[in-house]
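# with the input below, show me the fold.
(one chain, ligands or ions: 2)
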Amino acid sequence: FQNPRILRNQEPLLRSGRSLVMDSHKPMFDVDKFDDEFVQKLKSGNLPGVGMMHAPISLLPTAFPEIYWNQACDVTPIFSELIDRVSLDGKFLQDSLSRTKKADIFTSRLLDIHSNMLERNKKEDIRLGLHRFDYMLDEETNSLLQIEMNTIACSFPGHSRLVSELHQTLLRSYGDQIGIDSERVPKNTSTGQFADAMAKAWLEYNNPRAVVMVIVQAEERNMYDQHWLSSMLKEKHNIVAIRKTLAEVEKEGSVQEDGTLIVGGKAVAVVYFRSGYTPNDHPSESEWNARMLIEESSAVKCPTIAYHLTGTKKIQQELAKPGVLERFLDNKEDIAKLRKCFAGLWSLDDQEIVKQAIEKPGLFVMKPQREGGGNNIYGDDVRDNLLRLQKEGVDGNSAYILMQRIFPKVSNTFMVREGAYHKSQAISELGVYGAYLRNKDKVIVNEQSGYLMRTKISSSDEGGVAAGFGVLDSIYLN
Ligand SMILES: N[C@H](CCC(=O)N[C@@H](CS)C(=O)NCCC(=O)O)C(=O)O
Ligand SMILES: [Mg+2]
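Numbers count the residues shown, from 1 in each chain. Ligands and ions are numbered 1, 2, ... in the order given. Next up, the predicted model:
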């Protein structure tokens, strides 16, 4: 465990500002140089009169070194292949999560559905993964470190493309005054590539009357982001997408003899989850019944229960253990490329690490098996929770993992929320989308499919956009 940070007792961001002054990439623009009139012109206009609210965005892209962009793109198909192979090892998933099962009822319910499918020897010949692999640039070690692998309900394949296009447009008009070339903002293909992969999955299912069903939350707030995919499915592929909550699926759904899932009288070819990743999405047994109905059907699940479990933080931590990647991947170079992105990841059984985390909680993040933002534990709360668990006895330990906290470089940005802009010191997290489609032994799609840059004020622990902390951003390569 060679992280220099753990061995020193400085809070890296409070150091004499060395990392804020000597960073290798001088910022291409200085927000203090802009006067209000220019920024208003950039921002162009105020809130629309209606109730709709624009998604929070940054006004200009954030610098991201090309070498790390290339690295993040390069490992995307390897991570997608890893997920597919891990998902096929039912024993590995059940064993790795067996103690989490005792400590976390939500994961336990997912595991029950998974073991039910194992008992039935249920095969998923057609597998569609629409993943997002999130990274931060660790400034201390100058390395690209993976935050997590998202295998369910990856937000913003719609909006992220729009933000990249907005930034490219702004830079075509004002780039020379700001000093950035619009060509340095990578083209963002997220919407099209995700829609294409979904359309190919629909084709593999081979029932021209079948629809794509998007599983949504009752009060979904991010529906326009979801809408982009549905409308592209219609415009480009003439495929109908319907939106249902899990409760509606339970009420209107059934599985026919041949496995066909029928919902509201329509055959379903692909089930695309944009809900179902948190206990809040399962307020009653109805939702769990719907989940089981979908899983036991022949519809292509995105994700299957196995893909969903493979994306848990506990599995992320298990995969980081020595020798584990070798169980799933053959190519030594690929394995080395993935390992290079791993931040420190530990279970709470690691006494030495727990001791260090109690002494220096600011250098760790404590994570439950939850998605959706706002669930992770930071700073002194890490110590308090570790001490609490020690008092309560070790069974609770396996509901969490510990992860090395990453400190990316701070940059200046203009954030636009509710029509107003704010100059902020911010840090960013790059998500790279990966589309993966397989039918039996044929890999039909496995490609990096665009990106999402999320930027948050550097003092905020959480960065989720839907959770209200971050803004949608894009990158310019330097
Ligand atoms: N409302 C649901 C939200 C779905 C959701 O929260 N997804 C997780 C991965 S599981 C995620 O991508 N979080 C990062 C996006 C953020 O910063 O808010 C949707 O959009 O379908
Ligand atoms: Mg996540």
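# what residues does stretch 384-400 touch?
With contacts defined as CB atoms under 8 Å, 6 or more residues apart in numbering, stretch 384-400 is touched by 99-100, 102-104, 107, 314, 347-349, 354, 357-358, 361, 366-369, 377. C-betas here are computed from N, CA, C, even on glycine.
# next, the buried residues of that stretch.
Residues N385, L386, L389, G396, N397, S398, A399, Y400 are the ones in stretch 384-400 that count as buried (16 or more other CB atoms under 10 Å).
# please apply the same query to stretch 116-131.
For stretch 116-131, the buried set under the neighbour-count rule, 16+ other CB under 10 Å, comprises M117, K122, E124, I126, R127, L128, G129, L130, H131.
# looking at those, which are in helices?
Among those, the residues falling in helices (DSSP state H) are M117.
# now flag whichever of the buried residues of stretch 116-131 is closest to ligand 2.
Closest approach between these and ligand 2, by CB to the ion: H131, at 10.4 Å.
# list just the nearest of the buried residues of stretch 116-131 to M52.
Distances from M52 to the buried residues of stretch 116-131, taken as CB to CB, are shortest for L130 (25.9 Å).
# that closest one and K200 touch, don't they?
No: contact criterion CB atoms under 8 Å: L130 and K200 do not qualify, at 11.7 Å.
# backbone dihedrals for E220, both of them.
With angles defined as degrees, to the nearest 10, E220 shows backbone torsions of phi -60, psi 130.
# so how far is ligand 2 from it?
E220 sits 17 Å away from ligand 2 when distances are taken as CB to the ion, to the nearest Å.
# now swap in G372 and tell me
With the distance defined as CB to the ion, G372 ends up 7 Å from ligand 2.
# and what of F79?
With distances defined as CB to the ion, the gap from F79 to ligand 2 amounts to 14 Å.
# quickly find the element holding the nearest residue to A241 once chain neighbours are set aside.
The shortest distance from A241 to any residue other than its chain neighbours is 3.9 Å, reached at S230 (CB to CB, 6 or more residues apart in numbering). With elements taken from DSSP states H and E, the one containing S230 is helix 223-237.
# following that helix, which helix or strand comes up?
strand 241-244.
# do that following strand and ligand 1 meet?
No: for a cut-off given as CB under 6 Å from any ligand atom, strand 241-244 has no contacts with ligand 1; the smallest distance is 11.1 Å.
# A435 contacts G192, correct?
No: counting by CB under 8 Å, A435 sits too far from G192 to count as a contact (10.2 Å).
# neighbour-wise, which of these two wins?
Neighbours per residue (other CB atoms under 10 Å) separate A435 from G192, with A435 holding more: 30 against 17.
# list the contacts for that one?
Taking CB under 8 Å, 6+ apart as the definition of contact, the neighbours of A435 are S80, G129, L130, H131, Q193, F194, D196, A197, V445, N446, E447, S449.
# now with 10 Å?
For A435, the set of contacting residues under the criterion of CB atoms under 10 Å, 6 or more residues apart in numbering consists of 76-77, 80, 128-131, 157, 189-190, 193-198, 200-201, 302, 444-450.
# got it, and V445?
Taking CB under 10 Å, 6+ apart as the criterion, V445 is in contact with 77, 80, 128-129, 193, 196-198, 200-201, 434-438.
# now R370, what's its secondary structure?
Secondary structure of R370, reduced to three states by DSSP: H, G, I helix; E, B strand; the rest coil: coil.
# neighbours of the nearest residue to it once chain neighbours are set aside, just the number please.
The spatial neighbour of R370 that comes closest, neighbours along the chain excluded (CB to CB, 6+ apart), is T278 at 6.3 Å. A count of nearby residues for T278, using other CB under 10 Å, gives 16.
# again with D380
Residues contacting D380 under the criterion other CB under 10 Å number 10.
# hmm, E359 and it touching each other?
No: contact status for D380 versus E359: not in contact, 11.8 Å apart, counting by CB atoms under 10 Å.
# quick one: T100 and ligand 2, what's the gap?
With distances taken as CB to the ion, T100 is found 16 Å from ligand 2.
# now swap in V163 and tell me
Per CB to the ion, V163 is found 19 Å from ligand 2.
# per-residue pLDDT of that residue, please?
Looking at V163, its pLDDT stands at 97.
# and the one 5 residues further on, by the same measure?
If you check Q168, the pLDDT there is 97.
# residues touching it, list them.
Q168 makes contact with P61, G175, S182, E183, R184, V185, P186, K187, N188, S474, Y476 under the criterion CB under 10 Å, 6+ apart.
# in the lengthiest strand in the chain, what's buried?
In terms of residue count, the longest strand belonging to the chain (DSSP state E) is strand 420-439. Using 16+ other CB under 10 Å as the burial criterion, the residues of strand 420-439 that qualify are 421, 424, 426-439.
# ok now that strand, how far from the chain's centre?
With CA atoms, centre = their mean, to the nearest Å as the basis, the distance from the averaged C-alpha position of strand 420-439 to the chain average is 8 Å.
# what about that strand, near ligand 1?
No: Strand 420-439 does not reach ligand 1 (CB under 6 Å from any ligand atom); its nearest approach is 7.4 Å.
# what strands line up against that strand, and which way round?
Counting by DSSP bridges, the strands paired with strand 420-439 are strand 126-138 (antiparallel), strand 411-417 (antiparallel), strand 442-457 (antiparallel).
# any idea how far the most centrally placed residue in the chain is from ligand 2?
Nearest to the mean C-alpha position of the chain, counting by CA atoms, centre = their mean, stands N150 at 3.9 Å. Taking CB to the ion as the criterion, N150 is separated from ligand 2 by 4 Å.
# kindly report the same for L233.
Separation of L233 from ligand 2 (CB to the ion) stands at 24 Å.
# quick one, phi psi at the closest residue to that residue other than its chain neighbours?
Once flanking residues are discounted, L233 sits nearest to I239: 4.4 Å by CB to CB, 6+ apart. Summarising the backbone geometry of I239 under the convention degrees, to the nearest 10, its torsions are phi -110, psi 130.
# Y476 too?
Y476 has phi and psi values of phi -120, psi 130 when expressed as degrees, to the nearest 10.
# residue contacts, it?
When contacts are counted by CB under 10 Å, 6+ apart, Y476 touches 28-29, 60-64, 66, 167-168, 171, 175, 180-186, 453.
# buried ones among those residues?
By neighbour count, with 16+ other CB under 10 Å, the contacts of Y476 hold 28-29, 60-64, 167-168, 171, 175, 180, 182, 184-186, 453 as buried.
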